[in-house]
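> Task: produce atomic coordinates for the following.
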Amino acid sequence: MAWFKREIKGIITTTEEKKEAPDGIWNKCPNCKKPLHYSEQVENQYVCHYCGFHLRIGSKEYFSVLFDENQFTELFAELHSGDPLNFTDSKKYSDRLKETQSKTGLTDAIRAAVGKMNGQDIVIACMDFNFIGGSMGSVVGEKIARSIDYSIEHKVPFLMISKSGGARMMEAAFSLMQMAKTSAKLALLAQAKVPYISLLTDPTTGGVTASYAMLGDINIAEPGALIGFAGPRVIKETIKKDLPKGFQTAEFVLEHGFLDFIVDRREMKEKLASFLKMLAPYGIKEEEPAKAE
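Next comes the predicted model:
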């Protein structure tokens, strides 16, 4: 049966020896179902080049897209969530935190950094959905608060990238307090006349939508992003009516006046830089002309 197996050097002789492609090289677009190579995703800023669908990405990818040459200094990386309530469901909250940190390489559901975007200084806080659904816990609120303080102190504009399922139930009231805490800090940012741009991505829901995500000087979103407070299923069951087509999409929210713009990720950096130029100078009052004596 020599004809059944090739014995020429360099040719795979059996199916058992066939090498599989490493994980992560190929991906399938959730919208059009066409295969996407990783290099194509990076080149197209994680947007499907067939249908324009915006793939879900995290802080690592957003920082690479927005910061010049992916150069930045991470802020407050040492902050970790505690377990003040000793919460236990099917698993201890403290154990779940450790497992998620080990799996994702993140300390919590948000990272903050300062760097330059088209030559302009900017502080970016970006949420990571892979960390317990991007839920808003005490560390998320604290990092946002400290990032705002940094922006005020250094007169640097602040960009918040939201991607969250809402409040983190394992921290109960500690989580809900972050809504008021971050909103109060943003009021101080406004008093200091430092620009705040809020970018809502897929999905932005719950207490995040009800607080800092909707308080920007400019509120923008990516195409097709899910934006809302309660989920469509909960709303439908509550009001006992069918929901409009496209309900809670970024396009629907824009049409009803809750967004200023929808911006394609491939144009995001240029658009944001343009907004910041229009809002400059930050917190600097023009000198009043001298009065005649």
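
> how about the closest residue to Asp242 other than its chain neighbours, secondary structure?
Closest residue to Asp242 apart from its sequence neighbours, by C-beta to C-beta, 6 or more residues apart in numbering: Lys236 at 7.0 Å. No exception for glycine: its C-beta is placed from N, CA and C like everyone else's. At Lys236 the chain is in helix, as set by DSSP: H, G, I helix; E, B strand; the rest coil.

> What does the pLDDT read for Lys236?
For Lys236, the pLDDT comes out at 90.

> quick one: it and Phe261, what's the gap?
For Lys236, the distance to Phe261 (C-beta to C-beta, to the nearest Å) stands at 28 Å.

> cool, and Glu40?
Per C-beta to C-beta, Glu40 is found 27 Å from Phe261.

> And for Phe87?
According to C-beta to C-beta, Phe87 stands 39 Å off from Phe261.

> what's the answer for Leu226, then?
Leu226 sits 17 Å away from Phe261, going by C-beta to C-beta.

> Neighbour count: the two, which is higher?
Legend: neighbour count by other C-beta atoms under 10 Å for Leu226 and Phe261, higher for Leu226 (18 against 12).

> That one bridge partners, please.
Counting by DSSP bridges, Leu226 is bridged to Thr249.

> okay but the residue nearest to Asp242 is in contact with Gln248, surely?
No - using C-beta atoms under 8 Å, Lys236 is not in contact with Gln248, being 11.1 Å away.

> Between these two, which has more neighbouring residues?
Using other C-beta under 10 Å as the criterion, Lys236 and Gln248 rank with Gln248 on top: 22 against 14.

> That one contacts Gly228, doesn't it?
Yes - the pair Gln248 / Gly228 is scored as a contact, 4.0 Å apart, by C-beta under 8 Å.

> Per-residue confidence, Pro281, what does it come out as?
70.

> give me the number of residues near it?
Pro281: 9 surrounding residues under other C-beta under 10 Å.

> Looks to me like it is in a helix.
No - under three-state DSSP, Pro281 sits outside any helix and is assigned coil.

> Would you tell me what the next helix or strand after the helix ranked longest in the chain is?
Assignment by DSSP state H gives helix 172-191 as the longest helix of the chain. Sequence order places strand 196-204 as the next helix or strand after helix 172-191, per DSSP states H and E.

> Give me the helices and strands touching the next helix or strand after that next one, please.
As assigned by DSSP H and E, the chain's next helix or strand after strand 196-204 is helix 206-209. Other helices and strands packing on helix 206-209, by 3 or more C-beta pairs under 8 Å, 6 or more residues apart in numbering; DSSP states H and E, are strand 158-164, helix 172-191.

> Return the most buried member of these.
strand 158-164 (a mean of 27; mean count of other C-beta atoms under 10 Å).

> distance between that strand and the chain's centre?
Relative to its parent chain, strand 158-164 has a centroid offset of 5 Å by C-alpha atoms, centre = their mean, to the nearest Å.

> got the angle for that strand vs helix 172-191?
Relative orientation of strand 158-164 and helix 172-191, computed by axes from the mean of the first three to the mean of the last three C-alpha atoms, to 10 degrees: 150 degrees.

> Strand 158-164 pairs with which strands?
The pairing partners recorded for strand 158-164 under DSSP bridges are strand 120-127 (parallel), strand 196-204 (parallel).

> residues contacting the closest residue to Lys185 other than its chain neighbours?
Leaving aside its chain neighbours, Lys185 sits nearest to Ile148 (4.3 Å; criterion: C-beta to C-beta, 6+ apart). For Ile148, the contact set (C-beta atoms under 8 Å, 6 or more residues apart in numbering) comprises Phe158, Thr182, Lys185, Leu186, Leu188, Leu189.

> and which of these is nearest to Ser211?
Checking the contacts of Ile148 against Ser211 with C-beta to C-beta, the nearest one is Thr182 at 5.7 Å.
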